[in-house]
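J.: Mind folding the following:
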Amino acid sequence: MSECVFCSIVRGDAPSHPVCEDEFTLAFMDRFPLAPGHVLVIPKQHASNIFEIDPESLAAVSRITQQLAHGIRKAFDPDGVMVMQLNGAAAGQTVFHYHAHLIPRDQGSSLTLQPRVEAQDHALAGWASRLQAALD
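T.: A predicted model of the protein is given here:
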């Protein structure tokens, strides 16, 4: 079994564009975004899915998810924010470390889950900066 990429990000061994973190969670830009501003929130402690995550980490992820939703609204001015969390391959989960997606959505925009295109680092860094500024 290969190393969990999100655990590597938590340790600082894999590149990411972090937005915020606390004792229990880390939020960073999705490298394959469905929209500008697409961010992921993960628990720092590995749990494959909602069935394995401890209640304290789940509460922390929920808290940060709400803060980031406010930040996305301020930074990107979308018509809405989609919060998506998938559990198991049959549900579409591809990284088996619990995570929540926050995706800015505009009225009339289409949403295609596949194929996803990798964003350029300068775009991810810019979106992370906008979101960080909106959280202050």
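J.: Please count neighbours and contacts with C-alpha atoms only from this point.
T.: Fine.
J.: What are the boundaries of the helices in the chain?
T.: With DSSP state H as the criterion, the chain has helices at 5-11, 55-76, 121-135.
J.: For residue 81, give me its contacts.
T.: Residues in contact with residue 81 (Cα atoms under 8 Å, 6 or more residues apart in numbering) are 69, 72, 73, 102, 103, 104, 105.
J.: for residue 39, same thing?
T.: Residue 39 neighbours (Cα under 8 Å, 6+ apart): 27, 28, 29, 30, 33, 101, 102, 103.
J.: looking at the sheet around the last one, what are its partners?
T.: According to DSSP bridges, the residues that bridge with residue 103 are residue 82.
J.: again, but for the first one
T.: Residues found in beta-bridge contact with residue 27 (criterion: DSSP bridges) are residue 20, residue 41.
J.: please begin residue numbering at 239 from this point
T.: Done: numbering now begins at 239, and the last item shifts to residue 265.
J.: low-confidence ranges in the chain?
T.: The chain contains residues with pLDDT under 70 at 239, 350-353.
J.: Find the nearest non-adjacent residue to the spatially most central residue of it, please.
T.: Using Cα atoms, centre = their mean, the residue of the chain that lies closest to the mean C-alpha position is residue 278, 0.5 Å off. Once flanking residues are discounted, residue 278 sits nearest to residue 339: 4.7 Å by Cα to Cα, 6 or more residues apart in numbering.
J.: so that neighbour makes contact with residue 273?
T.: No - applying Cα atoms under 8 Å as the test, residue 339 and residue 273 come out as separate, 11.1 Å apart.
J.: And the two? Which one has more around it.
T.: Using other Cα atoms under 10 Å, the more surrounded residue of residue 339 and residue 273 is residue 339, with 22 against 16.
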